[in-house]
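**Student:** Take a look and give me a structure for this.
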Amino acid sequence: MIAEVIEMFMVSGPAVPPTDPLLALLTQAAKTTYLGSPKVVSDPIQQILPASVAYVRQEAASPPSGV
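**Tutor:** Below you'll find the predicted structure:
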């Protein structure tokens, strides 16, 4: 599931101008109107960041397709 989230939101992205998803998340969480707890925000970030780094490293280590 995390790999799908990374692919959809961090790699492929929507057809709108790109926005750093982590920055968008942190911007929303920093607003005074945010009612969630810091743990609710930090738990997914702690899962997504290492998975994102591993994904990017795997992509960098893989030869381009068609070569």
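**Student:** tell me which strands and helices the lengthiest helix in the chain is in contact with?
**Tutor:** Across the chain, the longest stretch assigned as helix under DSSP state H is helix 38-61. On a contact count with 3 or more C-beta pairs under 8 Å, 6 or more residues apart in numbering; DSSP states H and E, helix 38-61 meets helix 2-5, helix 21-30. Yep, even glycine has a C-beta here, placed from its N, CA and C like the rest.
**Student:** right, so of those helices, which gets closest to Y55?
**Tutor:** Among these, helix 2-5 comes nearest to Y55, with 6.8 Å by C-beta to C-beta.
**Student:** coming back round to it: starting at the chain centroid, how far to the longest helix of the chain?
**Tutor:** Chain-centre distance of helix 38-61: 7 Å, with C-alpha atoms, centre = their mean, to the nearest Å.
**Student:** in it, what counts as buried?
**Tutor:** Buried residues in helix 38-61, defined by neighbour count with 16 or more other C-beta atoms under 10 Å: 41, 48, 51-52, 55.
**Student:** Out of those residues, which comes closest to K31?
**Tutor:** Once C-beta to C-beta is applied, the member of these that ends up nearest K31 is V41, at 11.6 Å.
**Student:** is it true that that closest one touches A30?
**Tutor:** No: taking C-beta atoms under 8 Å as the definition, V41 is not a contact partner of A30, at 9.6 Å.
**Student:** List the neighbours of the longest helix of the chain that are in contact with it.
**Tutor:** For helix 38-61, contacts defined as C-beta atoms under 8 Å, 6 or more residues apart in numbering pick out 2-3, 5-7, 10-11, 22, 25, 29.
**Student:** try it again with 10 Å
**Tutor:** 1-3, 5-7, 9-11, 21-22, 25-26, 28-30, 34, 37 (C-beta atoms under 10 Å, 6 or more residues apart in numbering).
**Student:** okay, the angle between that helix and helix 21-30?
**Tutor:** Inter-element angle recorded for helix 38-61 and helix 21-30: 170 degrees (by axes from the mean of the first three to the mean of the last three C-alpha atoms, to 10 degrees).
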